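[1] fold the following for me, if possible:
(one chain, ligands or ions: 1)
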Amino acid sequence: MGVYAYFLVLLLTIYHGAFSNGGITSSFVRKEAKSIDMPFHSDVFSHPPGYNAPQQVHITQGDHVGRAVIVSWVTQDEPGSSTVVYWSQNNKKFKSTGRITTYKYYNYTSGFIHHCKIKNLEFNTKYYYEVGSGGTTRRFWFTTPPPVGPDVPYTFGIMGDLGQTYDSNLTLTHYEMNPVKGQAVLFVGDLSYADHYEFHDNSRWDSWGRFAERSTAFQPWIWTAGNHELDYEPSIGETKPFKPFLHRYRVPFKESGSTEPLWYSIKRASAYIIVLSSYSAYGMYTPQYQWLLEEFPKVNRKETPWLIVLMHSPWYNSNSYHYMEGETMRVMFEPWFVQYKVDLVFAGHVHAYERSERISNIAYNIVNGECTPAHDQSAPVYITIGDGGNIEGLANNMTEPQPKYSAFREASFGHATLEIKNRTHAYYSWHRNSDGYAVRADTVMFYNRFWHPVDDSTTKNYQ
Ligand SMILES: [Fe+2]
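    So this is what the prediction gives:
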């Protein structure tokens, strides 16, 4: 090494030591490629054969504890039947009949959207179900979760900002092929990106439904609304926010005392999951504020040790994209997250991956000036996982230096898995699309904040 090169290395080392207090900014550089939507004629969007065949089949949890499922699908030619026939192995068949809805969006008219709730299911049981009528029925299956309880193991997949590009397809394939088998998906918002097209071409909502069906028909996806669900476009007379999303995706919001489908909660196995809306009012006295105020005290950690919150816009984001957009909601709700010892917060919106250490910034009031994020073992870990691979591409412009609380960040597409083992331990992994299916690119063993609140930070010398 020449003497100049030696000094350059020395200088870089000093610079790094002086200014980079944080965790890891991954050195992995993804090959730049254009993010484009797959064309309508792609096989992943193919229409199921047969007249009026049910398409875009998707399921979600239908009650507060996991004994009900909402089955949704679309028929394109005529209303057809809204009945779901379902049965568990070697048992008699049951029927439940739902309702049809349709909507218009500018020059688009939807197909016939069916929503049917099936109830009183046995826990921990595989069910088959059939939708459709006439000569065209389609059969799928799902497994109900075990009864809610403190030591029930359960594995969630986590995805966000999926879209319908070639990268989206890779993300979904990686989730499906992952040897860690997710049993339900926590989806943190931004589904189809139909609003990217002129007049928000809602046939891109349909193609997304057909694309995702290979997973959404077989395991529940827990939905969170993102900004690409708003479809608010006064210039073409579309002034009802969330119109396509709310017609197409139903959630069990009334079961948790919510008055709107955009914020709600469910229990599943050993987890209590709270879904919030970044794009609905959350100031004091608003319905969402009021609901969350009453919701946190209802969480019984002796029954559901793992308290997880889903939202779209992240509170702790050190990417330049969407920087500080989550700030106003953080100001309103963060003290409760610390008070009630939320374990994990998953958000999307930023098209990259980032994991924080346990952090809070709640000391500030209008006179004391104390506004520095601090290490806080009562606080959640914040994970941004808006890296599903949509048409807007990667957010690869990080703020520098990496903040101290940011444990790992990387601009790559991928998904995560959370393997809850018991009341104390949950093994978390992030998987990037560029790796093989079994590769874990970022892993942490999380310790439960109620039962085992020992320091689980991963950054060396983090304090
Ligand atoms: Fe977003």
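
[2] anything in stretch 241-256 near the ion?
    No. Stretch 241-256 is not in contact with the ion by C-beta under 5 Å from the ion; minimum separation 12.7 Å. C-beta here means a position set from N, CA and C on the backbone, and glycine is covered the same way.

[3] what's the end-to-end length of that stretch?
    Length of stretch 241-256, first residue to last, C-alpha to C-alpha, to the nearest Å: 22 Å.

[4] which strand or helix spans Thr443?
    Thr443 belongs to strand 442-447 when elements are defined using DSSP states H and E.

[5] show me the contacts for Pro453.
    Going by C-beta atoms under 8 Å, 6 or more residues apart in numbering, Pro453 touches Lys341, Gln377, Ser378, Tyr447.

[6] for the third one, which three-state class applies?
    Okay, so that is Ser378. When classified by DSSP: H, G, I helix; E, B strand; the rest coil, Ser378 comes out as coil.

[7] and it, how many neighbours?
    Neighbour count for Ser378, taken as other C-beta atoms under 10 Å: 14.

[8] residues in contact with it?
    Contacts for Ser378 (C-beta under 8 Å, 6+ apart) come out as Val338, Gln339, Lys341, Arg358, Ser360, Arg449, Pro453.

[9] and the buried ones among the residues you listed, selectable in ChimeraX?
    Buried residues within those, by 16 or more other C-beta atoms under 10 Å, are selected in ChimeraX with:
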select :338,341,358,360,449
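
[10] please flag which of the contacts of Ser378 sit within strands.
    Ser360 (DSSP state E).

[11] just put the contacts of Ser378 in JSON lines and tack on pLDDT and distance to the ion.
    Formatted as JSON lines, those follow (pLDDT from 0 to 100; distance: C-beta to the ion, whole Å):
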{"residue": "Val338", "pLDDT": "98", "distance to the ion": "25"}
{"residue": "Gln339", "pLDDT": "98", "distance to the ion": "28"}
{"residue": "Lys341", "pLDDT": "98", "distance to the ion": "28"}
{"residue": "Arg358", "pLDDT": "97", "distance to the ion": "25"}
{"residue": "Ser360", "pLDDT": "98", "distance to the ion": "24"}
{"residue": "Arg449", "pLDDT": "98", "distance to the ion": "28"}
{"residue": "Pro453", "pLDDT": "97", "distance to the ion": "32"}
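
[12] just give me the closest of the contacts of Ser378 to Gly393.
    Proximity of the contacts of Ser378 to Gly393, judged by C-beta to C-beta, is greatest for Arg358, which lies at 30.9 Å.

[13] so what does the closest one look like in phi/psi?
    phi -70, psi 120 (degrees, to the nearest 10).

[14] what sits against the residue nearest to it when sequence neighbours are not counted?
    Ranked by C-beta to C-beta, 6 or more residues apart in numbering and with sequence neighbours excluded, the top spatial neighbour of Arg358 is Ala379, at 4.7 Å. Residues near Ala379 by C-beta under 8 Å, 6+ apart: Phe337, Val338, Val342, Arg358, Ile359, Ser360.

[15] also Pro48?
    Applying C-beta under 8 Å, 6+ apart to Pro48 gives the contacts Pro54, Gln55, Thr136, Arg138.

[16] how about the residue in the stretch 51-200 of the chain that the ion sits nearest to, what does it touch?
    Taking C-beta to the ion, the ion has its nearest neighbour within the stretch 51-200 of the chain at Asp190, 4.4 Å off. Contacts for Asp190 (C-beta under 8 Å, 6+ apart) come out as 160-163, 226-229, 312, 348-349, 386, 388, 390.
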